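Enquirer: A predicted structure for the sequence below; I have some questions about it.
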Amino acid sequence: MKTSLTTELPGKLIAVEGLDGSGKSTQLYLLKRWLELRGLKVYFTEWNSSVIVKKATSKGKKRQLLTPTTFSLIHSADLADRYERQILPLLKAGYLVLCDRYVYTAFARDAVRGCSRTWLRNLYGFARHPDLTLFFDTPLSVALSRILSGRPQLKYHEAGMDLGLANDPYQSFRLFQERIYNEYLGMRDEFSFVTIDGSVSIEEQQIKVREIVGQSFDLPIYRWKTVK
Ligand SMILES: Nc1ncnc2c1ncn2[C@@H]1O[C@H](COP(=O)(O)OP(=O)(O)O)[C@@H](O)[C@H]1O
Ligand SMILES: [Mg+2]
């Protein structure tokens with residue numbers, strides 16, 4: 001039987017969202033270690049990591065075959081695979097499921113690519129909303145300097161080159177990220193994001209993250225049961 005999207009499940013879904021370079025992965029990793037060391041059932045999953053969708057994604061991206069619609073559909077299939085085979089079963093099994101990026105990444109990026117916001121919300125209609133979404137709010141300049149300081153090779157889609165905003169990948173990346181940031185700000189209230197100041201130190205942010213998670217959930221409930 002299908003579980004309704006609003007049925008309360010034994011586990012909890014926690015997602016992090018924000019610009020590239022806003023510190024999401026750093027903070028989620030530290031949170032994961034903290035929860036694990038407290039003996040809690042934790043599962044981590046990240047955006048665009050489904051093994052079965054991987055080939056289509058990389059082939060489509062490499063050959064620049066994707067339109068905004070097919071790009072979005074592929075990412076949706078990626079989440080659907082992880083959602084149905086991992087996220088949902090583990091929520092039912094009482095895990096704290098940690099998602100490094102979730103549907104809001106698609107809502108932001110794909111809206112910037114020109115997909116209809118309503119279409120996107122329907123496309124991802126199979127996925128329940130997180131019990132807690134932490135939005136790492138970092139000024140664009142800070143996020144950009146963290147990412148661009150090493151002058152990395154930006155991938156075509158990562159830089160938003162498919163939007164034709166600029167010929168220079170770095171300039172394109174800046175313009176793309178600025179638009180994504182505005183999309184995130186527009187979703188903040190709609191989806192009850194809890195905002196973390198992503199511009200302060202890693203330690204200060206982690207203190208805040210732990211405080212919010214500790215206040216939001218009764219953590220001892222998620223402990224592994226010891227079998228006698
Ligand atoms: N609070 C912070 N202050 C300075 N640098 C940071 C901070 N948080 C993360 N970083 C660094 O910025 C880069 C991007 O961080 P990361 O956690 O990978 O961001 P995201 O997952 O949001 O793209 C990494 O090199 C990381 O070490
Ligand atoms: Mg990351």
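Expert: Received, thanks. Numbering: from 1, shown residues only. Ligands and ions are numbered 1, 2, ... in the order given.
Enquirer: quick one: secondary structure of residue 114?
Expert: Using DSSP: H, G, I helix; E, B strand; the rest coil, the structure places residue 114 in coil.
Enquirer: Go ahead and confirm it touches residue 68.
Expert: Yes: the pair residue 114 / residue 68 is scored as a contact, 5.1 Å apart, by Cβ atoms under 8 Å. Placement of C-beta: from N, CA and C, glycine included.
Enquirer: more crowded one of these two?
Expert: Between residue 114 and residue 68, residue 68 has the larger neighbour count (other Cβ atoms under 10 Å), namely 16 against 11.
Enquirer: Got phi/psi on the more buried one?
Expert: Here is the backbone geometry of residue 68 (degrees, to the nearest 10): phi -50, psi -40.
Enquirer: Once you drop chain neighbours, what's closest to it?
Expert: Residue nearest to residue 68 in three dimensions, not counting chain neighbours: residue 113, with 3.9 Å by Cβ to Cβ, 6 or more residues apart in numbering.
Enquirer: how near is that neighbour to residue 138?
Expert: Separation of residue 113 from residue 138 (Cβ to Cβ, to the nearest Å): 22 Å.
Enquirer: Could you pull up the residues touching the residue most central in space within the chain?
Expert: Per Cα atoms, centre = their mean, the C-alpha nearest to the average position across the chain is that of residue 101, at 0.6 Å. Neighbour list for residue 101: 15, 16, 17, 24, 46, 47, 48 [criterion: Cβ atoms under 8 Å, 6 or more residues apart in numbering].
Enquirer: would the second one count as being in a strand?
Expert: In other words, residue 16. Yes: judged by three-state DSSP, residue 16 forms part of a strand.
Enquirer: Surely it is in contact with residue 29?
Expert: No: between residue 16 and residue 29 there is no contact under Cβ under 8 Å: 10.2 Å.
Enquirer: Settle it for me: which of the two has more neighbours?
Expert: Neighbour count, other Cβ under 10 Å: between residue 16 and residue 29, residue 16 has more, with 28 against 14.
Enquirer: So what sits opposite that one in the bridge?
Expert: Applying DSSP bridges to residue 16 yields these beta-bridge partners: residue 100, residue 134.
Enquirer: isn't residue 86 right next to residue 46, touching?
Expert: No: Residue 86 lies out of contact with residue 46 (Cβ under 8 Å); the separation is 11.4 Å.
Enquirer: What's the biggest helix in the protein, counting residues?
Expert: If you go by DSSP state H, the chain has its longest helix at helix 169-187.
Enquirer: For the helix or strand following that one, which strands pair with it and how are they oriented?
Expert: Of the helices and strands lying after helix 169-187 in sequence (DSSP states H and E), the nearest is strand 194-197. Paired neighbours of strand 194-197 in the sheet (DSSP bridges): strand 132-137 (parallel).
Enquirer: what's in contact with the partner strand?
Expert: Residues outside strand 132-137 that contact it (Cβ under 8 Å, 6+ apart) are 12-19, 22-24, 27, 102, 104, 184, 188, 191-199, 205, 209, 212-213, 216-217.
Enquirer: If we check ligand 1, which of those residues are in contact?
Expert: 18, 22, 23, 24, 205 (Cβ under 6 Å from any ligand atom).
Enquirer: Tabulate those in CSV, adding columns for secondary structure and pLDDT.
Expert: Output for these, formatted as CSV (DSSP: H, G, I helix; E, B strand; the rest coil; pLDDT from 0 to 100):
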residue, secondary structure, pLDDT
18, strand, 98
22, coil, 95
23, coil, 96
24, helix, 97
205, helix, 98
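Enquirer: Much appreciated, bye for now.
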